[in-house]
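S.K.: Quick one: sequence plus predicted model below, questions after.
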Amino acid sequence: MAIAADRHSDLFIDGHLVAGGADPGEVMQRLAHQLTNRLLHAPSSALRQAALDGDVELLRAAERIYRSDDEPGPAT
C-alpha cells in the first residue's frame, strides 16, 4: 500500500508543478524516474543480498526472468 500512497502523493505534487507552470515533459520525466526507482528498489536489493549470501538459486531465477529473448540461456 505504501507504493499506492506514494504514487498518489507524487501525482498530487506533480499536478501542482504543472499547474504552477513547470514544463509538463520534465514533470513526466521526473515522475517516470521516481516510479522506476520505486519499482526496481526491492528486486535490486533482494538480488544484491542474494549475491552476498551466495543464493545461486535466486540469482539463476532472476537471470531467467530478465534475460532478453535474443540472449542464449546458460548451458545446462
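M.R.: Yep, that arrived. Numbering: from 1, shown residues only.

S.K.: Show me where this protein dips below the pLDDT cut-off.
M.R.: Low-confidence segments of the chain, defined by pLDDT under 70: 1-16, 18, 71-76.

S.K.: for it, what's the longest helix?
M.R.: As far as residue count goes, and with DSSP state H defining each element, the longest helix of the chain is helix 24-53.

S.K.: Just list what whichever helix or strand comes after it packs against, helices and strands only.
M.R.: The helix or strand immediately downstream of helix 24-53 is helix 56-66, counting by DSSP states H and E. On a contact count with 3 or more CB pairs under 8 Å, 6 or more residues apart in numbering; DSSP states H and E, helix 56-66 meets helix 24-53. For every residue, glycine as well, the C-beta is placed using N, CA and C.

S.K.: State the number of residues packed around A50.
M.R.: Neighbour count for A50, taken as other CB atoms under 10 Å: 17.

S.K.: Counting neighbours, what do you get for the spatially closest residue to it that is not a sequence neighbour?
M.R.: Spatial nearest neighbour of A50, chain neighbours left out: L58 (4.2 Å); criterion: CB to CB, 6 or more residues apart in numbering. Counted with other CB under 10 Å, the burial measure for L58 works out to 15 neighbours.

S.K.: Surely L58 is in contact with R48?
M.R.: No: judged on CB atoms under 8 Å, L58 makes no contact with R48 at a distance of 11.0 Å.
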